[in-house]
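A.B. asks: need a 3D model of the following:
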Amino acid sequence: MHLSSSSEKIFVAGHRGLVGSGVVRALKQVGFSNIVTRSRSELDLLNQASVNAFFEREQPEFVVLAAAKVGGILANDTYPADFLAQNLSIQSNVIEAAFRAGVKRLVFLGSTCIYPKLAQQPLKEEYLLTGPLEPTNEWYAIAKIAGVKLCESLRKQYGVDFISLMPTNMYGPGDNFDLNSSHVLPAMMRKFHAAKGTSNSVELWGTGTPKREFLYVDDLSSAVIHVLKTEEGPLHAAAPGGLMNVGVGQDLAISELAKAVKRAVGSTNEIVYDATKPDGTPRKLVDVSRLFSLGWKPEVSLEDGLSRTYEWYLKNVDNLDE
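C.D. replies: Model prediction:
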């Protein structure tokens, strides 16, 4: 059943993260007021009994599962067990509790790293499980694949309306700018900001040749709301297995991204690439035809998104390391 009334109760898991905070912000902007959130201290999603009790007590009608342990190549490589085990627990606890509580529609948010490293481009949903994963983030990817398949299996066996959305690389206000655990774009932004006004060069990992696609967080939030509000017929026709990619449909080289971030920050520093560091997947562009067929399109350009993100960063930079 689709979201049709502003009074219906929506639980957003992971509301303090980049994606979850964006979803909450967007829901409020379009008039949804009955939004349930819980901080980690209030509800430990790793604790199955606590999650079950929460769902029994609150009885949310819709769920957006944005909670996850996330990070870049370094974090994935350093903490593989944490990325696999914690994400498996969070997902299964929330999805199974939502199923038992009779949630009308659940939207599970994953990542396009679920697709094979060398899959044909652009990445179509049907390429899932057709080849080996990118080794640098396979632990996270395997957990997310399990979440997709849990939603799919519940749809198949019980007919529940659980949808999986796989966003491409995300960025925006509220992003993680920690150089030890952040993704490529916020890490770049922090490095350029730190070097601004000095003669230092900015060193970036890899060769700069891999191509990536970047989606502004407010566009993902609008996609989530669009999917929540889409009636069952069109939604299930577009995604019979419940899986849909979310992206902009175009990518650019990391070297081009670096130049765009440099412009947004107002930096004049030289860019240097450390080719001894891993590049990750050579290219990752998603096929967004399923979601586009439902009438959704992204609205924020990369230039505008970077400008908004840097504006947020400047206001919050002093608090990011606390």
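
A.B. asks: could you use CA atoms for every contact and neighbour count after this?
C.D. replies: Will do.

A.B. asks: residue 192 - how many residues pack around it?
C.D. replies: As a burial measure, residue 192 scores 27 neighbours (other C-alpha atoms under 10 Å).

A.B. asks: that one and residue 263 touch, don't they?
C.D. replies: No. Judged on C-alpha atoms under 8 Å, residue 192 makes no contact with residue 263 at a distance of 9.6 Å.

A.B. asks: contact partners for residue 1?
C.D. replies: 104-105, 161, 231-232 (C-alpha atoms under 8 Å, 6 or more residues apart in numbering).

A.B. asks: neighbour-wise, which of those residues leads?
C.D. replies: Highest neighbour count within the contacts of residue 1, by other C-alpha under 10 Å: residue 105, with 25 neighbours.

A.B. asks: what are the phi and psi angles of that residue?
C.D. replies: Per-residue torsions, residue 105: phi -150, psi 130 (degrees, to the nearest 10).

A.B. asks: same thing with the one 10 residues further on?
C.D. replies: Note on residue 115: backbone dihedrals following degrees, to the nearest 10 are phi -90, psi 150.

A.B. asks: and the helices in the stretch 151-300 of the chain?
C.D. replies: Using DSSP state H, counting those that start in this stretch, the helices of the stretch 151-300 of the chain run over residues 184-195, 217-229, 232-238, 254-265, 289-292.

A.B. asks: what would the ones you listed look like in CSV with distance to residue 89 and mean pLDDT?
C.D. replies: Shown next, in CSV, are those (distance: least, C-alpha to C-alpha, whole Å; pLDDT from 0 to 100):
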stretch, distance to residue 89, mean pLDDT
helix 184-195, 26, 94
helix 217-229, 23, 97
helix 232-238, 27, 95
helix 254-265, 33, 97
helix 289-292, 28, 98
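
A.B. asks: so which of these is nearest residue 109?
C.D. replies: Smallest distance to residue 109 across the helices of the stretch 151-300 of the chain (C-alpha to C-alpha): 9.0 Å, for helix 217-229.

A.B. asks: returning to that earlier point: and residue 113, which of the helices of the stretch 151-300 of the chain is closest to it?
C.D. replies: Residue 113 lies closest, by C-alpha to C-alpha, to one member of the helices of the stretch 151-300 of the chain: helix 184-195, at 14.1 Å.

A.B. asks: what is the neighbour count of residue 317?
C.D. replies: If you count neighbours by other C-alpha under 10 Å, residue 317 ends up with 13.
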